[in-house]
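Colleague: Fold the following for me, if possible:
(one chain, ligands or ions: 1)
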Amino acid sequence: MGHGYFPTADSPAANLNTDEQVSQRVRDLKAAGYDGIKLYTMDRDLMAAMMDEAKKQGMRVMHHVGVEETNAWDDIKGGTTSIEHWYGIPDAAIESGRQNFPAGYNYNNEVDRFRYAGRLWREADPAKLDKVLDAMVAANVAWDPTLVIYEASRDLQRAQTNPAFAEYLHPVLEEYFKPNPANHGSYFIGWSSTDETFWKENYRIWMKAVYDFEMKGGVVGTGEDAGFIYQMYGFGLIRELELHQEAGFHPLKVIQHATANGAKILGKEDSLGRIRVGYKADLIVVNGNPLENFKVLSPLGVEEIRDGKAVKTGGIEWTIANGVPYHAPTLASEIKTMVAAARKVRTGSDSDWVLPTSACLPETVRLHLTHATVWLHTLVRNDETRHFPSHS
Ligand SMILES: [Zn+2]
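Modeller: Model prediction:
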């Protein structure tokens with residue numbers, strides 16, 4: 001269920017049914033050199049066994065806490081490093097302990113799943129939610145809400161008409177985004193004004209919860225979960241920053257979410273996330289002030305009036321990762337060329353263009369997109385925080 005799609009060749013899906021199998025899997029991952037684990041859709045008892053073993057092995061654990069048996073209370077008990085996304089947080093605060101989904105609800109039908117997820121936050125009892133957030137803070141469970149990846153649910157047209165698509169949307173992704181029950185996250189079949197209205201309310205409650213969580217002392221991180229639901233790598237992250245601002249955070253706080261907090265979640269606050277002697281030189285040089293406008297981070301740039309004339313400015317000029325400088329506009333134009341070439345192949349006469357049959361993108365495309373990710377993302381150690389084994 002859920003993210004069953006994500007296991008890859010070097011990290012195949014595991015069919016784990018006993019405590020011993022789960023513990024062995026954790027030891028195997030440790031032996032293979034992994035620092036952490038991302039888990040989802042696990043039964044409660046197995047999750048507890050996994051958390052136990054992860055603790056013994058000194059591995060950090062992130063929980064994609066979906067609509068499933070476990071919820072934020074399991075993360076609080078087990079000492080999860082970070083919760084990704086959100087579902088298990090309102091779930092943990094529902095008075096009756098079960099969601100008020102219609103009788104015909106089918107978790108494996110994504111139209112159902114995402115439609116009714118949009119009616120989940122309203123079910124959380126505010127007083128109980130407060131307790132959940134307090135307990136997360138006390139147990140040191142961080143929260144990476146990935147606000148951006150659900151945004152199409154509250155405003156489909158906005159998501160579908162992203163101006164960056166014109167030059168940066170690879171045709172594989174373009175095809176993948178089209179409504180299609182076979183593709184994870186491509187659930188916009190009959191998406192209605194009512195769905196968007198519920199999702200807008202969902203966001204209001206959710207954003208307030210994220211804000212309250214930090215006010216209570218919680219650690220908020222940033223992630224984008226791009227590659228699905230009309231979100232492109234890097235561009236999604238910039239939008240994530242804007243949504244954190246919309247949630248009520250000062251832009252300085254937002255940048256902290258994307259830098260120092262990300263490092264903290266990784267347990268690397270001694271070498272990453274700050275500008276400091278002895279730290280890794282992961283920096284971006286930007287034409288503009290992100291505190292004023294996060295849009296200056298976009299390769300599309302922004303318009304400004306100078307001497308009475310509209311001029312194009314903005315964009316990241318240099319990305320310095322691990323001390324190596326990359327000229328961002330050059331990388332951006334390489335990506336544009338790549339996308340244009342792929343589109344030509346698609347429309348060309350020898351149109352043996354084959355779409356991926358699974359939810360996974362072909363490895364080559366993934367690499368290109370990751371390449372794009374590097375220059376847009378170094379601001380955040382997002383790849384590491386979000387992509388432990390078996391989720392990409
Ligand atoms: Zn996830």
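Colleague: Ignoring the adjacent residues along the chain, who's closest to residue 104?
Modeller: Counting by Cβ to Cβ, 6 or more residues apart in numbering, residue 104 lies nearest to residue 112, which is 7.9 Å off, once chain neighbours are set aside. Every C-beta, even on glycine, is put in place using the N, C-alpha and C of the backbone.
Colleague: Would you agree that neighbour is in contact with residue 105?
Modeller: Yes: Residue 112 is within contact range of residue 105, at 5.3 Å (criterion: Cβ atoms under 8 Å).
Colleague: Would you double-check that the residue nearest to residue 104 falls in a helix?
Modeller: Yes: Residue 112: assigned to a helix according to DSSP: H, G, I helix; E, B strand; the rest coil.
Colleague: Determine the number of other residues adjacent to it.
Modeller: Residue neighbour count, defined by other Cβ atoms under 10 Å, stands at 16 for residue 112.
Colleague: what does residue 150 give?
Modeller: Residue 150 - counted by other Cβ under 10 Å - has 24 other residues nearby.
Colleague: Just want to check the distance between it and residue 62.
Modeller: For residue 150, the distance to residue 62 equals 18 Å [Cβ to Cβ, to the nearest Å].
Colleague: how is the chain carved up into domains?
Modeller: 19-269, 283-377 (automatic domain parsing).
Colleague: hey, which of the ones you listed is tucked in deepest?
Modeller: Highest mean neighbour count of the domains of the chain: domain 19-269, a mean of 19 (counted as mean count of other Cβ atoms under 10 Å).
Colleague: quick one, phi/psi of the residue lying closest to residue 82 once chain neighbours are set aside?
Modeller: Distances taken as Cβ to Cβ, 6+ apart place residue 142 nearest to residue 82, at 4.0 Å, with adjacent residues excluded. Dihedral pair for residue 142: phi -80, psi 170, per degrees, to the nearest 10.
Colleague: do the same with residue 209
Modeller: Torsion angles, degrees, to the nearest 10, at residue 209: phi -60, psi -40.
Colleague: Test for you: state the pLDDT assigned to it.
Modeller: pLDDT, residue 209: 98.
Colleague: how near is it to residue 216?
Modeller: 10 Å.
Colleague: Same check on residue 202?
Modeller: 21 Å.
Colleague: okay but the residue nearest to residue 82 is in contact with residue 218, surely?
Modeller: Yes: look at residue 142 against residue 218 with Cβ under 8 Å: they come within range, at 7.0 Å.
Colleague: where do the contact lists of residue 209 and residue 216 overlap?
Modeller: residue 133 (Cβ atoms under 8 Å, 6 or more residues apart in numbering).
Colleague: how about the residue nearest to residue 236 when sequence neighbours are not counted, secondary structure?
Modeller: In space, and not counting its chain neighbours, residue 236 is closest to residue 224: 3.5 Å by Cβ to Cβ, 6+ apart. Following three-state DSSP, residue 224 is assigned to coil.
Colleague: residues touching residue 224, list them.
Modeller: Counting by Cβ under 8 Å, 6+ apart, residue 224 has contacts 146, 148, 149, 231, 233, 236, 237, 239, 240, 382, 386.
Colleague: Quick check: the farthest pair among the residues you listed?
Modeller: Distance extremes for those: the farthest pair is 239 and 386 at 15.0 Å, using Cβ to Cβ.
Colleague: Dump the domains of the chain into a markdown table; add distance to residue 275 as well.
Modeller: A markdown table is the format used below for those (distance: least, Cβ to Cβ, whole Å):
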| stretch | distance to residue 275 |
| --- | --- |
| domain 19-269 | 9 |
| domain 283-377 | 7 |
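Colleague: Run the chain-centre distance for whatever helix or strand residue 202 lives in.
Modeller: Secondary structure assignment for residue 202, by DSSP states H and E: helix 193-215. On the basis of Cα atoms, centre = their mean, to the nearest Å, helix 193-215 sits 17 Å off its chain's mean C-alpha point.
Colleague: Skip ahead from it and say which helix or strand is next.
Modeller: Counting by DSSP H and E, what follows helix 193-215 is helix 235-246.
Colleague: Report all helices and strands that that following helix contacts.
Modeller: Applying 3 or more Cβ pairs under 8 Å, 6 or more residues apart in numbering; DSSP states H and E, one finds that helix 235-246 contacts helix 193-215, helix 251-258, helix 363-377.
Colleague: Give me the contacts around it.
Modeller: Here helix 235-246 has contacts from 146-149, 151, 162, 164, 168, 207, 210, 220, 222-226, 231, 251, 253-255, 257-258, 290, 294-295, 297-298, 376-377, 379-380, 382, using Cβ under 8 Å, 6+ apart.
Colleague: just checking, residue 79 touches residue 51?
Modeller: Yes: Residue 79 sits in contact with residue 51 when judged by Cβ under 8 Å, with a separation of 6.5 Å.
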